[in-house]
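**Student:** 3D model of this:
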Amino acid sequence: MTTTAIAAVLRNGADKFELEEIELGPLAPDELLVKVVGAGMCHTDLHVLDPDLLAQMGPIILGHEGSGIVEEVGSGVRGIEVGDHVLISYDSCGHCRNCRSGIPSYCDEFMPRNITGRRTDLSTSALDQDGLPLANRWFGQSSFATHAIATERNLVVVDKSLPLELLGPLGCGLQTGAGSVLNEMKLAAGQSIAVFGAGGVGLAAVMAAKAAGAREIVVVDLLDSRLETAMEVGATRTVRGDTPDLVEAIKNGGRGLDFSFETTAVASVVTTAISVLDMPGKAVLVGAGLRKIEIDPMLLTGRTVTYALEGSSIPQVFLPQLVDLWQRGWFPFDKLVQTYPLEQINQAMEDSLSGKTIKPVLTPAQH
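**Tutor:** Next comes the predicted model:
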């Protein structure tokens with residue numbers, strides 16, 4: 001069966017999304033069709049605006065923080081039914097060593113399943129009005145559309161009483177920030193953390209650190225408005241990123257922080273994130289960038305640096321935990337959200353890039 005949908009398509013040479021009528025399906029045995037209710041916009045989506053990268057990927061539907069209602073189920077799906085309310089996270093194979101070991105974010109097939117926009121055999125399941133293929137499996141979903149095709153592995157069923165349109169951002173950006181603190185760092189009560197970048201990912205780390213009982217949460221950014229928001233959601237102190245003697249300003253006369261969390265992928269910021277650590281200390285990097293980083297080996301003395309994917313999270317385990325924290329008032333991510341109808345996707349992009357909106361969420365179901 002095929003489905004007619006409306007999608008925000010990004011084409012070669014374009015710097016804006018265009019709404020187009022597309023055809024989705026038919027489903028493979030392990031796939032499901034989801035009517036998209038909400039879709040968070042993440043900076044990872046906006047990296048594809050790079051002309052060279054877009055030229056390699058071809059016409060593509062982006063969006064990888066979807067939430068919605070299951071409308072059709074493939075013949076091989078057993079754990080999810082039509083009518084289920086779901087969050088859509090990253091895809092994984094489910095059978096490699098890492099998936100079987102409970103670390104699907106380091107799946108052997110993570111890259112082809114999530115950043116090509118295609119199935120692992122390079123096929124797609126979307127056609128434009130001219131019958132030409134569109135890449136529609138960005139992070140296994142491509143949710144900037146009224147409908148998306150996903151797999152059982154990247155869907156998380158949630159209670160139907162929850163505000164589904166609000167929960168989409170949990171599937172990637174918020175999962176990455178919170179998971180890096182709770183799953184990768186395993187930050188404990190009384191420990192300290194410096195967070196570099198007060199966007200959605202960084203502020204998710206702030207909220208998670210507060211929920212974990214961190215003694216000190218220092219947030220670094222260049223925008224005063226975002227530093228104010230950081231204080232509202234749990235930071236104990238903020239420092240502007242252009243402060244002279246930044247490392248000392250962050251350490252504030254102390255030995256250094258137990259952890260640092262770096263979201264910008266800017267080489268100088270990465271160096272600072274390592275420099276502010278105590279010994280021992282651990283820096284977790286998540287910023288997406290193509291530039292190489294040079295680190296003085298002596299800076300690594302007694303310190304650990306790692307790059308984490310998706311907060312080292314198992315979506316089916318971790319996303320319900322985040323929902324529970326939100327319901328208890330300990331993870332107030334809704335303070336970061338601004339909703340936009342799908343036809344305003346370019347305004348949402350502009351507001352995200354300018355810093356006006358921390359977490360834009362598109363509402364395709366209202367199209």
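
**Student:** mind giving me the domain ranges of the chain?
**Tutor:** Listed domain ranges for the chain are 3-171+332-366, 177-309 (source: automatic domain parsing).

**Student:** and those as TSV, adding mean pLDDT?
**Tutor:** TSV is the format used below for these (pLDDT from 0 to 100):
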stretch	mean pLDDT
domain 3-171+332-366	94
domain 177-309	96
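
**Student:** for Pro315, which of those domains is the nearest?
**Tutor:** Smallest distance to Pro315 across these (Cβ to Cβ): 3.8 Å, for domain 3-171+332-366. (Glycine included, C-beta is placed from N, CA and C.)

**Student:** any idea how far the closest one is from the chain center?
**Tutor:** How far domain 3-171+332-366 lies from its chain's middle: 11 Å, per Cα atoms, centre = their mean, to the nearest Å.

**Student:** equivalent analysis for stretch 198-205, please.
**Tutor:** Mean-position distance between stretch 198-205 and its chain equals 10 Å (Cα atoms, centre = their mean).

**Student:** could you say which helix or strand contains the nearest residue to Phe139 once chain neighbours are set aside?
**Tutor:** Spatial nearest neighbour of Phe139, excluding adjacent residues (Cβ to Cβ, 6 or more residues apart in numbering): His64 at 3.3 Å. Following DSSP states H and E, there is no helix or strand that holds His64.

**Student:** how about the strands of the stretch 201-350 of the chain, start to end?
**Tutor:** Taking DSSP state E, counting those that start in this stretch, the strands of the stretch 201-350 of the chain run over residues 216-221, 237-240, 257-262, 277-285, 303-307, 337-341.

**Student:** now mean neighbour count and distance to Asn183 too, for the ones you listed, in CSV please.
**Tutor:** Below are the strands of the stretch 201-350 of the chain laid out as CSV (neighbours: other Cβ atoms under 10 Å; distance: least, Cβ to Cβ, whole Å):
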stretch, mean neighbour count, distance to Asn183
strand 216-221, 26, 18
strand 237-240, 17, 25
strand 257-262, 27, 13
strand 277-285, 20, 10
strand 303-307, 15, 12
strand 337-341, 17, 23
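
**Student:** make CSV out of the ones you listed and add distance to Ser89.
**Tutor:** CSV is the format used below for the strands of the stretch 201-350 of the chain (distance: least, Cβ to Cβ, whole Å):
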stretch, distance to Ser89
strand 216-221, 26
strand 237-240, 30
strand 257-262, 20
strand 277-285, 19
strand 303-307, 19
strand 337-341, 18
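
**Student:** so which of the ones you listed gets nearest His85?
**Tutor:** Closest of the strands of the stretch 201-350 of the chain to His85 is strand 337-341, at 17.6 Å (criterion: Cβ to Cβ).

**Student:** what comes into contact with that closest one?
**Tutor:** The contact list for strand 337-341, computed with Cβ atoms under 8 Å, 6 or more residues apart in numbering, reads 38, 165-166, 169, 347-348, 351, 357-363, 366-367.

**Student:** how does it look with 6 Å?
**Tutor:** Outside strand 337-341, the residues that touch it by Cβ atoms under 6 Å, 6 or more residues apart in numbering are 348, 357, 359-363, 366.
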